[in-house]
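Enquirer: here is my input, please return the structure:
(2 chains)
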Amino acid sequence: MSNTQYEIRDTITGGLWKENPVFRLLLGMCPTLAVTAAVKPALTMGLCVVFVLVCSNIVVSLMRNLLKPHLRILMFTLTIATFVTIADLLLKAFQPEMSAKLGPYIPLIIVNCIIICRAESCASKNGLVISIVDGLAMGAGFTVALCILAAIREVLSTGTIMEINVMPQSFIPWAAMSMPVGAFITLGLVLGLINKISTKK
Amino acid sequence: MPLKKIKYFAEQSWLLIISALCFGLLIAAVNASLAPRIEQNKINKLDDLMRTLLPAAEEFEVAAELQIDSAKGKKTKSTIYKAVSKTGECVGWSFNCSGAGFADKIELVVAVDKNFEKMAGFDCLSSNETPGFGDKIKEAKWRKQFDGAPAGNLTLAKTGNIEKIDSEIIAISGATVSSDAVVNILNNAMSQIKKQMAEIQN
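Expert: Sure, this is the predicted structure:
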């Protein structure tokens, strides 16, 4: 029993820090760079990924003993595509504004390597509980990373966070931060900072 | 040995076939339950925009579906809505139009007065212009100079008084292409819709 508890703890710390998909594994860079211009779309994107990741991990974990090795990637993609389509429809129905803002990046979750990576390296080898915990932890790690980047970019490009003013009146917004160039610079600096912190340890 | 082959294929792919069927059904069910809501969202968004542009209107009726030639010989569909006030009078018209912007297609919803003479303003349904420059076409500050401008025959100027309402539109500095695109879309759609609506009404 304690063995499982250790495994769960490892999975959670792995997802949030040691193997953080954005800061440590550098997976899923497309949404990381594209939707982090503001916190709201980044948060929506992160939650969509959590939903897809948990659902696909559950399905893959349940069918892991039936998978044929050479057909497994096909099965993973099919599963992921199904849940992404559902997430897209849900967003269109209940958050039309966010759906319009995120545009093609929601369907693009299908090819997000984080999800297929977790299906391959965790869900297809582990039981249901570990797979669900892994999905939640990895998804949370991704969401937090996206929100950190988005918060930095939103403050510098508009002076707001979640559309609430946080900067003094005299602050001049840096338009460049909401453009792709801002995404690369912010990601690079944050990655450098995280590497610095983790090597010190 | 065709039978043996069929058996082999079935053994290898049964999971794929069954799960594809299940997932397909799942998506179909979700889609069927959410489709009306998604459709309603689209209608609501257009309705909201039209209501802010024509506050006097109580109801919008679909008056006509027209084909508009955009600059490069392409045809786009435009739906004309008649804005009716509480007392049943026509207080204006509203329609959607689109055209090429700087980065992507710009879709606008436009409101004009009942005689197609003066604009009552416009708003962006969708656009993907450069943040900080071209996307200022969405800002109320810039859009205000269209409120009351003559319908059609708008011209673009680099400098001038943005507060003055006339046919001269002042471009956003650093985003002449986006400003020009909006003016062109409006001129093009307005002139064709004016003509086609005149034919329908007579």
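Enquirer: contacts only, for B:E59.
Expert: Applying Cβ atoms under 8 Å, 6 or more residues apart in numbering or on different chains, we find B:E59 in contact with B:A83, B:V84. For every residue, glycine as well, the C-beta is placed using N, CA and C.
Enquirer: and the gap between it and chain A?
Expert: Separation of B:E59 from chain A (Cβ to the nearest Cβ, to the nearest Å) stands at 22 Å.
Enquirer: okay, that residue: pLDDT?
Expert: In this model, B:E59 is scored at 83, pLDDT.
Enquirer: which strand residues bridge it?
Expert: On the basis of DSSP bridges, B:E59 takes part in beta bridges with B:V84.
Enquirer: what sits closest to the residue nearest the centre of chain A if chain neighbours are left out?
Expert: Geometric centre of chain A, nearest residue: A:F142, 3.2 Å, by Cα atoms, centre = their mean. Take A:F142 and drop its neighbours on the chain: the residue closest to it by Cβ to Cβ, 6 or more residues apart in numbering or on different chains is A:P21, 5.0 Å away.
Enquirer: now do the SS call for the residue nearest to the centre of chain A.
Expert: Secondary structure, DSSP: H, G, I helix; E, B strand; the rest coil: A:F142 is helix.
Enquirer: the one 5 residues further on now?
Expert: In terms of secondary structure, A:C147 is helix; the call rests on three-state DSSP.
Enquirer: hmm, whichever helix or strand A:L189 is part of touching chain B?
Expert: Using DSSP states H and E, A:L189 sits within helix A:180-200. No. Counting by Cβ under 8 Å from any Cβ of the partner chain, chain B is not contacted by helix A:180-200; separation bottoms out at 9.2 Å.
Enquirer: can I get that helix in PDB, CA atoms only?
Expert: Presented in PDB, the C-alpha positions along helix A:180-200 are these (Å, rounded to 0.1, in the frame of the first residue of the first chain):
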ATOM      1  CA  PRO A 180       5.200  36.000 -30.900                       C
ATOM      2  CA  VAL A 181       8.500  37.700 -30.200                       C
ATOM      3  CA  GLY A 182       7.300  38.300 -26.600                       C
ATOM      4  CA  ALA A 183       6.400  34.600 -26.200                       C
ATOM      5  CA  PHE A 184       9.900  33.400 -27.200                       C
ATOM      6  CA  ILE A 185      11.700  36.000 -25.000                       C
ATOM      7  CA  THR A 186       9.500  35.200 -22.000                       C
ATOM      8  CA  LEU A 187       9.800  31.500 -22.400                       C
ATOM      9  CA  GLY A 188      13.600  31.700 -22.800                       C
ATOM     10  CA  LEU A 189      14.000  33.800 -19.700                       C
ATOM     11  CA  VAL A 190      11.700  31.700 -17.500                       C
ATOM     12  CA  LEU A 191      13.500  28.500 -18.700                       C
ATOM     13  CA  GLY A 192      16.800  30.000 -17.800                       C
ATOM     14  CA  LEU A 193      15.600  31.000 -14.400                       C
ATOM     15  CA  ILE A 194      14.200  27.500 -13.700                       C
ATOM     16  CA  ASN A 195      17.400  25.900 -14.800                       C
ATOM     17  CA  LYS A 196      19.300  28.200 -12.500                       C
ATOM     18  CA  ILE A 197      17.100  27.300  -9.600                       C
ATOM     19  CA  SER A 198      17.200  23.500 -10.200                       C
ATOM     20  CA  THR A 199      21.100  23.400 -10.600                       C
ATOM     21  CA  LYS A 200      21.500  25.300  -7.300                       C
END
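Enquirer: that helix: how far from the chain's middle?
Expert: 17 Å (Cα atoms, centre = their mean, to the nearest Å).
Enquirer: separation between A:I115 and chain B?
Expert: Noted for A:I115: a distance of 15 Å to chain B, by Cβ to the nearest Cβ.
Enquirer: check which residues of the helix holding A:L189 are buried.
Expert: A:G182, A:A183, A:T186, A:L187, A:V190, A:I194 (16 or more other Cβ atoms under 10 Å in any protein chain shown).
Enquirer: quick one: mean pLDDT for whatever helix or strand B:K5 lives in?
Expert: Here B:K5, judged by DSSP H and E, is contained in helix B:2-53. Average pLDDT, helix B:2-53: 91.
Enquirer: quick one, strands of chain A?
Expert: A:160-161, A:164-165 (DSSP state E).
Enquirer: quick check: neighbours of the last one in the sheet, parallel or antiparallel?
Expert: To tie it back to what came earlier, the one meant is strand A:164-165. Taking DSSP bridges as the criterion, strand A:164-165 forms sheet pairs with strand A:160-161 (antiparallel).
Enquirer: in chain B, which helix or strand is least confident?
Expert: Lowest on mean pLDDT, DSSP states H and E among the helices and strands of chain B sits strand B:59-69, with a mean of 83.
Enquirer: for it, output the C-alpha coordinates as CSV.
Expert: Written as CSV, here are the backbone C-alpha positions of strand B:59-69 (Å, rounded to 0.1, in the frame of the first residue of the first chain):
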residue,chain,number,x,y,z
GLU,B,59,-36.3,43.4,-33.2
PHE,B,60,-34.3,42.3,-36.2
GLU,B,61,-35.9,40.6,-39.2
VAL,B,62,-34.0,38.9,-41.9
ALA,B,63,-34.8,41.0,-45.0
ALA,B,64,-32.6,39.5,-47.7
GLU,B,65,-29.7,37.2,-48.4
LEU,B,66,-27.4,38.9,-50.9
GLN,B,67,-24.2,37.9,-52.8
ILE,B,68,-21.5,40.5,-52.7
ASP,B,69,-18.5,40.5,-55.1
